[in-house]
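1. Sequence plus the predicted model coming up.
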Amino acid sequence: MKILITGGCGFVGSNIAIYLKKNYKNAQIYSLDNLIRNGSRLNRNRLKAYKIKNYNFDIKKNDNFKKLPMFNLIIDCCAEPAIEVSKKEPDRVFNTNLIGTFNVLKKCIKDKTDIIFLSSSRVYSIEKLRSLVKSEKLLKPLKIKREIDESFSVDSASSLYGFTKLASEKLIREMFFKTNLKYIINRFGVIAGPWQFGKQDQGFVTLWLARHLFKKKLAYIGFGGNGFQVRDLLHIDDVCKIVSLQIKKLKKINNETFNIGGGLKNTISLKNLTRKCEIMTNNKIRIQKISKTSDYDIPYYVTNNNKIKKFYNWMPSKKIESILNDIYFWLKNNKKIRDYF
Ligand SMILES: NC(=O)c1ccc[n+]([C@@H]2O[C@H](COP(=O)([O-])OP(=O)(O)OC[C@H]3O[C@@H](n4cnc5c(N)ncnc54)[C@H](O)[C@@H]3O)[C@@H](O)[C@H]2O)c1
């Protein structure tokens, strides 16, 4: 089986590529990545060590796709995933995230290739997610126990990032309509683990732990600046396992959209994350308070995994402690990566 992973030198793509290479002896794994993300060059070196070839080109340029051989499956992990970039670089976000998917889909149609698409929980309406919380300023820990399922509203604005993800989902359904090709759409919540080069607006878990370990500054941004916003966390190993299961079962389970995340048992606020990082690193750092909330930010997101559990009998296996532990040892054991944080 020949598999192309777009965004293969990113956090998610590189981990899936190596997982598949280790676990499917007969699979040939390829990557497509222009290495624009900070840290992607290091991930490219990891792929090299596993003899996984990377096609280094921009996904927005359709002509480049002529260089590629045929594949049985494309796992589309290529995106500009930071929401705040939607404001600063709308053209790049649109071209990478939506035109990129369009080019991938044209290749799929031409070669009769199935697709697994990495979508995001950020397709859901910002207004509706905000309305789960009473006031914009979070002055104390949240007590909500709500899990977001696939029927949650996608009707109002969700950032340009969220729009490109939702539009990509629709494009997949549109272009695969009346073909025999198979697709899976995975709306992931926050994913965390080793080889994520986290920054303030994307990949906050590695960023938080790294800044504690290397004694650098951080800030609680938005919702009053108290750090009470909440997310659920999913270990990258759990992502690799579910994607691998989806590949195995693609003939039977296909053309479905799933929410996938850490769930209620794996939720944490920034404030509690700080406490855990302090204990783990034995360091206390200055955390600035920035009260003003970005128009695109949400105070709370926790995944409802009922559908994915029902279809695959899959649940996240790794707890928050295990996520943090694995990131901690990755940071400790790789001297080179210190400068990336
Ligand atoms: N990390 C998460 O928490 C999370 C959560 C939900 C969904 N997702 C989705 O999962 C996918 C992977 O996310 P990630 O965290 O690995 O992001 P990432 O930034 O680490 O990886 C994306 C990769 O795509 C590459 N890339 C970007 N623009 C490109 C272009 N124009 N041409 C070619 N390559 C380009 C980058 O160099 C990078 O290596 C994305 O689609 C993202 O939206 C991620």
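-> Arrived safely, thanks for sending.
2. okay, now the residue nearest to residue 159 when sequence neighbours are not counted: neighbour count?
-> Residue nearest to residue 159 in three dimensions, not counting chain neighbours: residue 296, with 4.3 Å by Cβ to Cβ, 6 or more residues apart in numbering. Any C-beta I mention is one placed from the backbone N, CA and C, and that applies to glycine too. As a burial measure, residue 296 scores 19 neighbours (other Cβ atoms under 10 Å).
3. can you pull the contacts of residue 296?
-> Residue 296 makes contacts with 83, 84, 86, 87, 126, 159, 161, as judged by Cβ atoms under 8 Å, 6 or more residues apart in numbering.
4. Pull the number of nearby residues for whichever residue of the chain sits closest to the ligand.
-> At 1.9 Å from the ligand, residue 10 is the closest residue in the chain, using Cβ to the nearest ligand atom. Residue neighbour count, defined by other Cβ under 10 Å, stands at 28 for residue 10.
5. again with the one 4 residues further on
-> Counted with other Cβ under 10 Å, residues neighbouring residue 14 total 30.
6. I'd say it and residue 196 touch.
-> No. With contact defined as Cβ atoms under 8 Å, residue 14 does not count as touching residue 196 (9.8 Å).
7. Number of residues surrounding the closest residue in space to residue 245 that isn't next to it in sequence?
-> Nearest-residue entry for residue 245: residue 312, 5.2 Å, with adjacent residues in sequence omitted and distances by Cβ to Cβ, 6+ apart. When neighbours are counted by other Cβ under 10 Å, residue 312 registers 17.
8. Can you pull the phi/psi pair for residue 312?
-> phi -120, psi 0 (degrees, to the nearest 10).
9. Quick one: residues contacting it.
-> 242, 245, 246, 249, 253.
10. shouldn't the last one be in contact with residue 247?
-> No. Taking contact to mean Cβ under 8 Å, the distance of 10.6 Å between residue 253 and residue 247 leaves them out of contact.
11. Could you check which of these two has the larger neighbour count?
-> residue 247 (20 against 15).
12. element containing that one, please.
-> Per DSSP states H and E: residue 247 is located in helix 236-248.
13. List the buried residues for that helix?
-> 236, 237, 238, 239, 240, 241, 242, 243, 245, 246, 247 (16 or more other Cβ atoms under 10 Å).
14. My reading is that residue 219 lies in a strand. Confirm?
-> Yes. Under DSSP: H, G, I helix; E, B strand; the rest coil, residue 219 sits within a strand.
15. ok so, going back, what's the spacing between the residue nearest to residue 245 and residue 237?
-> In this view, residue 312 and residue 237 are 16 Å apart by Cβ to Cβ, to the nearest Å.
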